[in-house]
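Asker: Take this sequence and fold it.
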Amino acid sequence: MAEEEGALAGLAWFLTSGTLALGGYLRLLAVLGPFQRRGVGADLLAAYEAETARASAHAFLLVSAGNLAAQRFYRRHGYRRVGRLPELVVPGEDEVVYWKRLR
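Answerer: Alright, predicted model coming up:
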């Protein structure tokens, strides 16, 4: 969780290992509206990567294909698009797989 002045600013929910028997998985990264564009997301992502790097050399995440802003965010932080999973979560909406080598 990330806080600013005692208020919840965002959170990251992740597993540090187990994904494809290789790495961590970022299940959710969320930043509340008033705290967006202030580095909170980058800080949460860095925390996920730091914790995951202790257990493995790879970080994975999924992004809805229509969420272009999130895809740009992850690419800016070194993640590479490596696949697409059709209608994995929601009918009619594909998920895009992103990966980053941590070490």
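Asker: Can you give me the buried ones in the longest helix seen in the chain?
Answerer: For the chain, the longest helix by residue count, based on DSSP state H, is helix 40-53. By neighbour count on 16 or more other CB atoms under 10 Å, the buried set for helix 40-53 is V40, G41, L44, L45, Y48, E49, E51, T52, A53. Heads up, the C-betas are built off the backbone N, CA and C, glycines and all.
Asker: Spit out the contact partners of the last one.
Answerer: Read it as A53. With contacts defined as CB atoms under 8 Å, 6 or more residues apart in numbering, A53 is in contact with L102, R103.
Asker: before we move on, the earlier item: by contact count, what packs against the following helix or strand past the longest helix of the chain?
Answerer: Using DSSP states H and E, the helix or strand that directly follows helix 40-53 along the chain is strand 58-64. Secondary-structure packing of strand 58-64 (3 or more CB pairs under 8 Å, 6 or more residues apart in numbering; DSSP states H and E): strand 23-31, helix 40-53, helix 68-76, strand 80-90, strand 93-101.
Asker: who wins for proximity to L62 among the ones you listed?
Answerer: strand 93-101 (4.4 Å; CB to CB).
Asker: and G78, that's in a helix?
Answerer: No - G78: not assigned to a helix; according to DSSP: H, G, I helix; E, B strand; the rest coil it is coil.
Asker: mind starting the numbering at 40 from now?
Answerer: Taking 40 as the first residue, the last one we looked at is G117.
Asker: and the gap between the closest residue to it other than its chain neighbours and E44?
Answerer: Residue nearest to G117 in three dimensions, not counting chain neighbours: K139, with 5.2 Å by CB to CB, 6 or more residues apart in numbering. Plainly put, K139 is 31 Å away from E44 if you go by CB to CB, to the nearest Å.
Asker: That's all I had, so thanks and see you.
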